[in-house]
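K.L.:
Below is the sequence, then the predicted model.
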Amino acid sequence: MTKITLTFHEVTKDKAADLLAVIGEEPKTEEAKTEEPKTGYPKQNEAGVMVDSRGYPWDHRIHGSGKTCSKVSGEWKKKKLVEPELVGQVENEYDNALKTNEAETQPQSTSLDLDFVPAENFPDVTKQITCELDSGKLTREKLNEILNDYGLSSLPLLAARPDLISSFSIAINNARCA
């Protein structure tokens, strides 16, 4: 005897029972697994960065360009055909940035510009960086050097480290004044 498994989607119980009665089987039903929807995502964290339900900021390498979260899980929607290995790599980068010991990654710096007020959140520090890059007072090489001094491989990782933002802003200011 050959075993055949049929799966019906969006078929009423009565219709499924009628189909199974034709072959002499009793219907087997699975209760739908429902997960409590996680609404309200993305939302701002204490650093002013939009994060998903797991606390990850949006990253252009793995997340969809719509910057929206799943209504069920609250996680950022992934890009189509993104490799799971890349997702793991990017998430590990954020996790490692969070775990990095602040004493090892935060260089001592002082502001040379007495009128300068350091940025307090990620959007403000990105505005500061953009202005400095656009004006030519900061080079991408110097920005990457500062990121490396803080143990960060890319600027989006700073979003996961609100404790570093003010000192990072001061380092950017010092770099342009130097």
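P.N.:
Looks like it came in fine.
K.L.:
what are the C-alpha coordinates of the biggest helix by length in the chain, in CSV please?
P.N.:
Scanning the chain for the helix with the most residues, using DSSP state H, yields helix 84-99. The C-alpha atoms that make up helix 84-99 are tabulated as CSV, following Å, rounded to 0.1, in the frame of the first residue of the first chain:
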residue,chain,number,x,y,z
PRO,A,84,21.6,33.5,6.5
GLU,A,85,25.3,33.6,7.1
LEU,A,86,25.4,37.3,6.4
VAL,A,87,22.5,37.9,8.8
GLY,A,88,24.4,36.0,11.5
GLN,A,89,27.6,37.9,10.8
VAL,A,90,25.9,41.3,11.0
GLU,A,91,24.0,40.4,14.2
ASN,A,92,27.2,39.1,15.7
GLU,A,93,28.8,42.5,14.9
TYR,A,94,26.1,44.3,16.9
ASP,A,95,26.3,41.8,19.7
ASN,A,96,30.1,42.1,20.0
ALA,A,97,29.8,45.9,19.9
LEU,A,98,27.4,45.7,22.8
LYS,A,99,29.7,43.3,24.8
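K.L.:
what's it in contact with?
P.N.:
Contacts to helix 84-99, defined as Cβ atoms under 8 Å, 6 or more residues apart in numbering, come from residues 56-57, 59, 61-62, 78, 151-154, 157-158, 160-161. C-beta: built from backbone N, CA, C; applies to glycine.
K.L.:
ditto for stretch 57-67
P.N.:
Outside stretch 57-67, the residues that touch it by Cβ under 8 Å, 6+ apart are 42, 49-52, 76-80, 82, 86-87, 90, 94, 122, 156, 159-160.
K.L.:
Quick check: PyMOL command selecting the buried ones in those.
P.N.:
Of the contacts of stretch 57-67, the buried ones can be selected in PyMOL as follows, counting by 16 or more other Cβ atoms under 10 Å:
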select buried, resi 42+49+50+51+52+76+77+79+87+90+94+122+156+159+160
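K.L.:
In helices only, show me the contacts of stretch 57-67.
P.N.:
Going by DSSP H, the helices hold 86-87, 90, 94, 122 from the contacts of stretch 57-67.
K.L.:
of all these, which two lie farthest apart?
P.N.:
L86 and F122 (22.6 Å; Cβ to Cβ).
K.L.:
residues contacting V49?
P.N.:
Taking Cβ under 8 Å, 6+ apart, we find V49 in contact with 57, 121-123, 159-160, 162.
K.L.:
Format these as TSV; extra columns: distance to C69.
P.N.:
Formatted as TSV, those follow (distance: Cβ to Cβ, whole Å):
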residue	distance to C69
P57	12
N121	20
F122	18
P123	19
A159	16
A160	17
P162	20
